[in-house]
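Trainee: This is the structure alone, sequence omitted:
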DNA sequence: TTCCAGGGGTAGA
DNA sequence: TCTACCCATGGA
């Protein structure tokens, strides 16, 4: 089915906005320019959602094509994010002028906040290669298999992880010291103590949302800032080693986290989007 | 062997 | 608030 897209939507820019397309159950084909996601439908069926833009229009191919799948696609590609204010801001700043014509500003995210929380924790203090391995082990060990391609599995629910013991999870997922954090979050969701999805629907002030995210085990300033971006809040930069490198090149010296934050201070509520899509000389 | 990667938690100042 | 230190893991 063909999906009507906002005027300022770019499938290519969204998919390539950061590394999520390389983490299961996403798979990206550079040759076909198509993104696949193994989706656990509420009916219990696991299906493969294939997204591409063969004629410049977003096309979705799935065994199940209903409102739920369409909603998941719109969610993953952030199609309902409004960028008008951000683009107006960019047009007032010469350095950011390239962003609106390129239709940048949307990031690839997961259908559930739990999934993005687990992914982000798996990016902390490790290499990208190890992040992909960690996420792959979680999906392989606990995800529901596709009925006809059982080697392809959906991202597990919190309940599927919590059904195992911490020892079992640690042995299978091998997240190092992150095991306890991810298992605790999954267990709390499964027990009904924690509801991450309410962070999406409730209209929290940004500072409250940030504080709520920081209460999650394994989630610190970097991870919380990442998750805020996925929730459409851009007033905190997820300063990581890459941010320090880029700002360092821009300033011609090595910089601390504090200096990296200071570099983006002028971009008010758009700091994180500016970091992601700033026309860095190195790119 | 040592270092470190898209940091987090804690203790102590 | 800031700094120092440890934290599993696996590749370089």
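Mentor: Nice, I can see it. Given the structure is predicted, the values throughout are model-derived calculations rather than measurements.

Trainee: Which pLDDT value does the model give residue A:249?
Mentor: Per-residue confidence (pLDDT) for residue A:249: 86.

Trainee: For it, what is the enclosing helix or strand?
Mentor: helix A:241-251 (DSSP states H and E).

Trainee: buried residues in that helix?
Mentor: Using 16 or more other CB atoms under 10 Å as the test for burial, helix A:241-251 gives A:243, A:244, A:246, A:247, A:248. All C-beta spots, glycine's among them, are computed from the backbone N, C-alpha and C.

Trainee: Likewise for stretch A:85-92?
Mentor: Buried-residue list, stretch A:85-92, by 16+ other CB under 10 Å: A:86, A:87, A:89, A:90.

Trainee: where does the stretch 101-250 of chain A dip in pLDDT?
Mentor: Applying pLDDT under 70 to the stretch 101-250 of chain A picks out residues A:202.

Trainee: Write out the residues of it neighbouring DNA strand B.
Mentor: A:123-128, A:130-131, A:177, A:181, A:214, A:216-224, A:226, A:238, A:240-242 (CB under 7 Å from any atom of the strand).

Trainee: Inside helices: which ones of these?
Mentor: Among those, the ones falling in helices (DSSP state H) are A:128, A:130, A:131, A:181, A:214, A:221, A:222, A:223, A:224, A:226, A:241, A:242.

Trainee: from those residues, which single one is nearest residue A:82?
Mentor: Nearest to residue A:82 among those is residue A:226, at 20.7 Å by CB to CB.

Trainee: is DNA strand B contacted by stretch A:16-30?
Mentor: Yes. Judged by CB under 7 Å from any atom of the strand, stretch A:16-30 and DNA strand B are in contact via A:18, A:19.

Trainee: start to end distance for that stretch?
Mentor: Using CA to CA, to the nearest Å, the end-to-end distance of stretch A:16-30 comes to 11 Å.

Trainee: Helices of chain A, residue ranges please.
Mentor: Using DSSP H, helices in chain A cover A:11-15, A:67-76, A:84-91, A:113-121, A:128-142, A:158-162, A:166-173, A:179-190, A:198-201, A:206-214, A:221-230, A:241-251, A:257-264, A:271-277.
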